[in-house]
Each structure stands twice: as structure tokens, then as C-alpha cells.
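Undergrad: Show me the folded form of this:
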Amino acid sequence: MLLYFLISCLSFFFLSKSLSLPPWASETKTLLSFYLSKNFLFTSTLHPTTTSDPASSPVLDQMSILDLPDLALDRILDLLPPSGLSSMAMVCTSMRERCVSDHLWEKHLVNKWGKILGPAAYREWKCYLSSSSRHIDFSPHHQNGHPLGFDKLISCLRSISSVLRDDDSKQRKTLPVDSTMSFYISLENGRFWFPAQVYNRENGHVGFMLSCYDAELSYDTLTDTFQARYPPHGRRAVAVEKGVTWERIRAAPLEASPHHLHVSESLDELKPGDHIEIQWRRNKEFPYGWWYGIVGHLESCDGDLNHCHCHLSETVVLEFNQYTMGSRWRRTMINKRDHREEGNEEDGFYGGIRKLSCKKEIAMWTRLWPSSILE
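TA: Here you go, the predicted structure:
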């Protein structure tokens, strides 16, 4: 075990001199250097003298990384990336118990996945676990080589350390399925499909421009993109899209089924210039998608904000300026007081509305704006 750790440290030091490493690497190297240089037993292990009698120093054979102070060891583990934690967890049972701790993995889960995981994803994960007795593969799932070649180094170190490990290695390659580490690994290796929403579905098909639809997503580490499965509707089978990028995904902002009308709570607050999302579906068999629009002025209003009373009317004008003037998709009207699904089989059906107050949400729609006006 100690040999595995020392080889890892030495390899880490040599690589750090020739490669550009992330910020955590320099801090980890400093901490390791300090404790290795200050601890006589570690320095004796690294630089044994020719006159020393092994029989006279039996404690050297018992030295391990676990003899570091808890604060130092916790700090080192806290600085490791997920791949480093996974590798260190294979050193021994005691290290494994530390490295699979939820508090270490929650930070990594939030940093990488937090923006696209909503309450629905966590509920789906619990259902995934309870559906059957599952065991998550403890070894990191690599589909491609790391640009710095670290996976080759880790593979080499594992081969060396496998000689030193006991026969219970198979037992140590599994971990509690309800741990945060299990959740992270299942997302990372693409085995867990989680619910989220995708902007401009089906590779930005013109029929879905400036919309956001519910889907199940699976991560592909090879391309750093996602595969999306859209629910079937009508006679159409499940639609599958590959190569969905991170910026096109969001966690569902509302706990609303794509097949149910959202009950709008901010209709009375709407006024010209407000940014909104509205549910729309092609026909009754389709799920709703969320479409971006802006509250416009009534035809009786000249658009002068100093004299505008549109917000007092029971009728709200919604404009979809991505469509050309005169298009049947350019403009629609809803009633504040008696709002329900409105529309027909030709123009589709409009559902609930949510007012956008977050600047990041509005900026996202702006970035997705089509390069040319739609017909």
C-alpha cells in the first residue's frame, strides 16, 4: 500500500514539472512535500541508509499514508479531482471509506452537474436505485484517453498495486449504491438517464427554434456531449438526438408535466416588454414544449410607454419575433381572467405562461436567437 502511494507521489512530482496542471495540483504537491520532509519516518523510507538495520526499525514496515494528520489528509483528498479520489479509494479499505464520503463528492457533483440536475433528476435516481438491487462499478469508466495521458499512468499504478492488494479486491470495487459517488459515476459513465430539458431540440430543427422540450439524457464522455431521448407523441416513435452540448441543457424550472397545463400565477403582472415562456404543442397528442416570447402592445396602443394602458386590459398580446411579419406564428392573444389552453389543430395549442425575471434565462434565449428570420 505504501509503495503504491509513494509511486503515485513521485510520478505526480515528475509530471508536474513538465505538464500544465490544474490549480489544485500545486497545493497538493506543497502539502505532500511538507509532510514528507518533516516526517522522519517518511524520509527514512524514501532515502534509506546503507548502514540501517531493518530489524532494528520494525516501525518502518508499518508506515502508511494514513499516519498523516487527519487535517492534512482530508485537505489532500479535498483537492483531488474525481479521478484522483477514485484511484485513492482503491489503495485500501480505510482509504476507501474516506474517499467515498459524500461530503467529498457533493462538491464535484454540484460543480459539474448542478446546473442541469433538478428535483426530477434526484427523484429519478431514487427510483433507479429502488427498482432493483444495483451495484455501481467502482472503477472509473474511461471511453477515451486523457489528453495528458494520466489514464495510462493510473493503469500502470493499478497494475503494480494489484500485486500488493489482498484477495478481497472485488469486494472493494463496489460501493453503496445510495452514495453521492455512485450518483456521480452513474452520470459520468452514461448508465443513468436523467430528466432535463433541451433547447432547440433535434439539432436546432427550424420547427423547434427558440423552444425547450423535456427529454431523458445520457452523458457521453467520449464527446463530452449528451444523447437525448424525447418522449413519443401521436404515431411518432421516440426521437433520439446525439451530440447535445452542455449549453443546450437546463434543469426543468417548474415541476410541471409536459402533458399537463401549467397553472399560471403571474398573468396579472404581465406588461409590454416582459419576457415569457409559454407552453405550446402541435396537437392534443403532443407533449408541451416551452417557447420564448415577449409581451406586446394591443393594436389600439401606439406603443408609447407614457400613455400605455395595455397592462390594465384582460387581453395579453404575445409576440414571437423570431418569425417574419405576417406569419401565423408571429402573434397570439390570451385572456388573463379565464386562461386555459387555447388554439386549434392548424395553429397548435397554447398553454400556461411563466414570466422570466432571471437575466441569465433571458440571456440564454438571446444567445439561441436564429441567424435569420423564420417564415
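
Undergrad: burial count for R98?
TA: 18 (other CB atoms under 10 Å). Every residue, glycine included, has its C-beta placed from N, CA and C.

Undergrad: sorry, that was for E241
TA: E241: 19 neighbours (other CB under 10 Å).

Undergrad: what is it paired to in the beta sheet?
TA: Under DSSP bridges, the beta-bridge partners of E241 are A228.

Undergrad: so what's R191 up against?
TA: S218 (CB atoms under 8 Å, 6 or more residues apart in numbering).

Undergrad: Assign it to helix, strand or coil.
TA: coil (DSSP: H, G, I helix; E, B strand; the rest coil).

Undergrad: pLDDT wise, what is it at?
TA: Predicted confidence (pLDDT) for R191: 91.

Undergrad: Which residue ranges of the protein form strands?
TA: 136-137, 174-175, 194-199, 211-220, 225-230, 239-244, 249-250, 275-281, 289-296, 315-319, 331-335, 342-344, 348-356 (DSSP state E).

Undergrad: These: which one's closest to C92?
TA: Distance to C92, taken as CB to CB, is lowest for strand 174-175 among those, at 14.4 Å.

Undergrad: so how far is Y184 from the nearest residue in space to P195 that is not next to it in sequence?
TA: What sits nearest to P195 in space, not counting adjacent residues and going by CB to CB, 6 or more residues apart in numbering, is A120, at 4.6 Å. Using CB to CB, to the nearest Å, one obtains 18 Å as the distance from A120 to Y184.

Undergrad: tell me, what residue is most central in the chain?
TA: The residue lying closest to the centre of the chain (CA atoms, centre = their mean) is W113, at 2.1 Å.

Undergrad: Spit out the contact partners of it.
TA: 184, 187.

Undergrad: now the one 3 residues further on
TA: The contact partners of I116, taken as CB under 8 Å, 6+ apart, are 196, 217, 246, 249-251.

Undergrad: Just give me the neighbour total for the residue nearest to S313 when sequence neighbours are not counted.
TA: Using CB to CB, 6+ apart and skipping residues adjacent in sequence, the residue nearest S313 is L298, 6.1 Å away. Per other CB under 10 Å, the neighbour tally for L298 reads 15.

Undergrad: doesn't T315 make contact with L298?
TA: Yes. Using CB atoms under 8 Å, L298 is in contact with T315, at 6.7 Å.

Undergrad: that older thread, for the contacts of I116, which one is nearest G351?
TA: Of these, the one sitting nearest to G351 (CB to CB) turns out to be R250, at 18.7 Å.

Undergrad: What separation do you get for the closest one and G84?
TA: 30 Å.

Undergrad: got it, and A237?
TA: 42 Å.

Undergrad: before we move on, the earlier item: can you pull the phi and psi angles for the residue nearest to S313?
TA: Backbone torsions for L298, taken as degrees, to the nearest 10, come to phi -70, psi 160.

Undergrad: got a list of what it touches?
TA: Contacts of L298 (CB under 8 Å, 6+ apart): 310, 313, 315, 317.

Undergrad: mind putting those in a markdown table, distance to G303 and neighbour count included?
TA: Converted to a markdown table, the contacts of L298 look like this (distance: CB to CB, whole Å; neighbours: other CB atoms under 10 Å):
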| residue | distance to G303 | neighbour count |
| --- | --- | --- |
| C310 | 9 | 20 |
| S313 | 14 | 14 |
| T315 | 16 | 11 |
| V317 | 11 | 20 |
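
Undergrad: what's the closest of those to L261?
TA: Nearest member of the contacts of L298 to L261, counting by CB to CB, is T315, at 19.2 Å.

Undergrad: Surely the closest one touches D338?
TA: No. The pair T315 / D338 is not scored as a contact, 10.9 Å apart, by CB under 8 Å.

Undergrad: pLDDT weak spots in this protein?
TA: 1-63, 132-176, 234 (pLDDT under 70).

Undergrad: what's the first-to-last distance across stretch 111-121?
TA: 16 Å (CA to CA, to the nearest Å).

Undergrad: Just give me how far that stretch sits from the chain centre.
TA: Relative to its chain's centre, stretch 111-121 lies at 5 Å (CA atoms, centre = their mean, to the nearest Å).

Undergrad: Then stretch 190-202?
TA: So, by CA atoms, centre = their mean, the centroid of stretch 190-202 is 11 Å from its chain's centroid.

Undergrad: Give me the buried positions along it.
TA: In terms of neighbour count (16 or more other CB atoms under 10 Å), stretch 190-202 has its buried residues at 190, 192-202.

Undergrad: out of those residues, who's nearest L66?
TA: When those are compared against L66 (criterion: CB to CB), the nearest one is F192, at 32.5 Å.

Undergrad: Fine by me, we can end here.
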